[in-house]
Structures are given as structure tokens and as C-alpha cells.
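> Next comes the sequence, and after it the predicted model I'd like to discuss.
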Amino acid sequence: MPARKTERAEPITDKRVLVEYLESGCKPREKWLIGTEHEKFAYTLDDLRPLDYEGERGIRAILQGLTRFGWKPVLEKGNVIALIKEDGSSVTLEPAGQVELSGAPLSNLHQTCREVNEHLDQVKAVAAEMNVGLMGLGYNPKWPRATMPWMPKGRYAIMRRYMPTRGTLGLDMMQSTCTVQVNLDFDSEATMIRMFRIGLALQPIATALWANSPFKEGKPNGFLSYRSHIWTDTDPDRCGTLPFVFEEGFGFERYVDYLLDVPMYFVYRDGIYIDAAGQSFRDFMKGKLPAFPGEYPTMADWQDQTTVAFPEVRLKRYLEMRGADGGPWSRLCALPAFWVGLLYDDEARRAAADLIADWTAEEHAMLRRDVPRLALNTPFRGGLLNDVARQVLAISRAGLIRRAAADGADANEASFLLPLFLIAEAGVTPAEEMLAAYKGRWKGSVDPIFAECAY
């Protein structure tokens, strides 16, 4: 999380202010941008262990090393916990030291891919000097969660205490997973609604195509996207597919009502995280928050509240697509391409909306439940989910071609979808390829992953 300002601000007591905050995200289409985020595991090359925060080969040293490339450090209690640039990009830490790039808002996918490439070049240069490797997977394949380190961030200490009270896999989510996601704009409430519904309905397609986490503690875990399964038992109050999004009357206000009912984690004041886990933002707006009695929330508190809900698609002043496992470079660029093609072109958006128009709540729930285990082989409407994935990829590709965002010899952005077409045409996910390697050339060991899947 970037540096926080704590100056005095107007107290919020009226829900309408919160609705207007989300509404303020609406942008003219010519100003729509693309923000890509991706997480990766860092590990020592000699013994494959995750990095502690401190030490010559620690996460702090990586962050400090990146400052040579113009990144500015963000401190919390004297610890470097993030890096920022003026273009809006940042490098942040997940709870066990997963390194995340939150990219700058960019105009097209060619720029996105250059940004990803530049970041990986920078972090690899620093890591090489420390004999450290980096890789993208959905779940750490080798080390038990209990052996993973914790980063010195105040909000993570609160979540660490609270998570086990709400589900059995919340700490696994915090310490052992990596994802890639894209943040997208909208121009109106109506457009947001359509994008949100398409995003939620088709998130299982993304989960299947990016399925990349079949191992836990050195053995197959029974899933193809274990990362995705983890979210089904993290916290029922703040995760899931949000059936109300498909109901009549959904809009900014209905999402605000949802967020108001998501239990809080903390209040941030003067550099300190105050533990408010499980308490109500509605009480906060009445000045009756037990953790902070007599005080009222500011807009910064509401911005924090938008980050503590973890549905498959999340609304802030933009939409976040959150269903994919972390992966190699080519699929980092493919993720924003997939969603931009579907959602940033009018004809593609209509085609995607028509495709999902008669999907039932039971089918949404079934896909969310079964895809982490079966991925593209999930039975759906007399066929397999892979049949739908091919249709969706065709819609996305056509949308990218119509966008005609050229870059040199590339007439459009559709080439970024190639890794996904190869997966869908073969009907074999990255996770299944790794399981075959585990049984074959890896001879029952996951250690080769740290070389074969390294950046």
C-alpha cells in the first residue's frame, strides 16, 4: 500500500457521499486506461527458501536495490514496505514477501507489456546480485505455510489474527498465493453494471486458463488452481461471486451497501493501525465504533474499506478482475488483453453479455466451486468449459482487433492472447502440464519448478 496521508478531513456520516465516491470513477471512453498488477515469489537459489524481510538476501534489500531505478521508498515504522513513482506505479509487499508491481494506468497493452518487461528486468537485476530467483505461480509449491515469513506491515498483523476466525485457508491466501489482475475503467453506472456482470460470470474462464497451482508442500494438492480454491474458505463475509450483482436494481448504491456490511479490519491514524477487526463501518459512521469511540470515518477510511472486500471482481473507482493465478511473463500480458478485449469494445461487450445472459445463479455457483479442481474440463451445458473458453477468446480477440491499438509492426493487441489460444486449443492447462512433468521428467519432485518457471 502506498504512503498514507493522515491530515484532518471531513467526517463521513452520509451514505450518499460514499456512493458519489464510486460514481466519480466514471470516465469518458477516450480516457479509459489499463492498470495491471502481478505478484511473484522470491526465493534463494541455493536452497529455494522464501526470503525473510531482513538480511543481505532479504526483501528489504530487494526494495532498497530497486531504488537505483528511480523508485522512492515508502516507510512504515522505519521499514521500507513499498516503492512508488510519480506515474502512479508502485512496488508493494504481500504478507509473506511476495513482490507485487501495481502498474501505472496506461493507454494500451503494448505499453503494459513494456512496463511489465521493464519491471522484471529491474527486479531480476537486483535479485541476481543476491543469488535470488523469482517466479510466478498461483501457490508456493514446496514450503509449508507455517514456515513462510511475515512482512512488518501493521495491517497484516491484524489480518493474521482475524483470518483464522472466519475460515480455514485465510492464512494460506495471505502467505502462499500469487495472482495477476487488471483494473479497468467505465463511463457510466450502466456500463459498470454490464462489465461487472460479465467479469463475474467469466471469471471462472480466467481461473481455468491461468490455472497454475497444482502443488502444496511438494505434492499434488488435488486442484489445478489451488489459489482459487483457497478463496472459497477464506472469509464468507468478504469473498465470493456476489449474486446480488445480477439482480435488478444493482448499481453503485447497492455495492456501497455491500461494503458497509463487510466487517472492518482496521482504522489507520497517525501511522498506526488500530485493530477494528469484525467491527461495523456503519457504526463508525455513527461515531460508535468500539475500537475508536466518538470518532467518524474520513474518505481515506472508506478507501481502506474498499480494499478489505475480496470478491472475484472488486469495485473501487474502477473494476478489478481478480480470478487468475500468477504465471510467466507471457500470461502476465495476456491477462489484461483478455479482459480489455472483452470489456473495452462495445460489440465484444454485447457479445459477452449475450453469452452469459441466461446463466443461472446455480451455474455461477457450480463454476466457482468446480473450476479450481477441473479447470477447462469442468462440465457445462452438455459440453466442457473449454468450449465456452474458446468462444470467449474469439470475442476478446475480435474486440482487440477493433480497438486497433497499433504499436510499430503490431497492428493491434490481439497477439497478446496467443498463449491463451494455445492452452484452449490443446485443452491442457499450465497446471496439467506441470503435473505431467512431476510424474515424468521431474521424477516426483517440485524443485525443478523453481528453475523452469523462473523469470
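Now that the structure is in, tell me what you want to look at. Values in this document were obtained by computation on a predicted structure and should not be read as measured data. Numbers count the residues shown, from 1 in each chain.
> and the closest residue to residue 33 other than its chain neighbours, what is it in contact with?
Spatial nearest neighbour of residue 33, chain neighbours left out: residue 105 (3.7 Å); criterion: C-beta to C-beta, 6 or more residues apart in numbering. In short, each C-beta sits where N, CA and C put it, glycine included. Contacts for residue 105 (C-beta atoms under 8 Å, 6 or more residues apart in numbering) come out as 33-35, 88, 183.
> which stretches of the stretch 1-150 of the chain aren't confidently modelled?
1-8 (pLDDT under 70).
> can you give me the helices in it?
With DSSP state H, counting those that start in this stretch as the criterion, the stretch 1-150 of the chain has helices at 15-23, 59-66, 109-129.
> What about residue 186, how many residues nearby?
Other residues near residue 186 come to 23 when the count uses other C-beta atoms under 10 Å.
> For the closest residue to it other than its chain neighbours, list the residues it contacts.
Nearest residue to residue 186, sequence neighbours excluded (C-beta to C-beta, 6+ apart): residue 192, at 4.1 Å. With contacts defined as C-beta under 8 Å, 6+ apart, the neighbours of residue 192 are 25-26, 186, 251-252, 315, 319.
> How about residue 272?
By C-beta under 8 Å, 6+ apart, the contact list for residue 272 reads residue 154.
> Any idea what it is bridged to?
For residue 272, the beta-bridge partners under DSSP bridges are residue 269.
> quick one: it from residue 76, how far?
10 Å (C-beta to C-beta, to the nearest Å).
> what's the overlap in contacts for those two?
residue 154.
> Could you give the backbone dihedrals for the residue located most distally from the centre of the chain?
Within the chain, the residue lying farthest from the chain centre (C-alpha atoms, centre = their mean) is residue 294, at 35.0 Å. Dihedral pair for residue 294: phi 80, psi 0, per degrees, to the nearest 10.
> so it touches residue 287, yeah?
Yes: using C-beta atoms under 8 Å, residue 294 is in contact with residue 287, at 5.6 Å.
> Is it possible to get JSON lines of the contacts of residue 105 that adds distance to residue 221 and neighbour count?
Converted to JSON lines, the contacts of residue 105 look like this (distance: C-beta to C-beta, whole Å; neighbours: other C-beta atoms under 10 Å):
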{"residue": "33", "distance to residue 221": "37", "neighbour count": "17"}
{"residue": "34", "distance to residue 221": "33", "neighbour count": "26"}
{"residue": "35", "distance to residue 221": "31", "neighbour count": "21"}
{"residue": "88", "distance to residue 221": "37", "neighbour count": "14"}
{"residue": "183", "distance to residue 221": "29", "neighbour count": "22"}
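> TSV for those residues, including distance to residue 376?
Output for the contacts of residue 105, formatted as TSV (distance: C-beta to C-beta, whole Å):
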residue	distance to residue 376
33	31
34	26
35	27
88	35
183	26
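> between these, which is nearest residue 370?
Distance to residue 370, by C-beta to C-beta, is smallest for residue 183 among the contacts of residue 105, at 27.4 Å.
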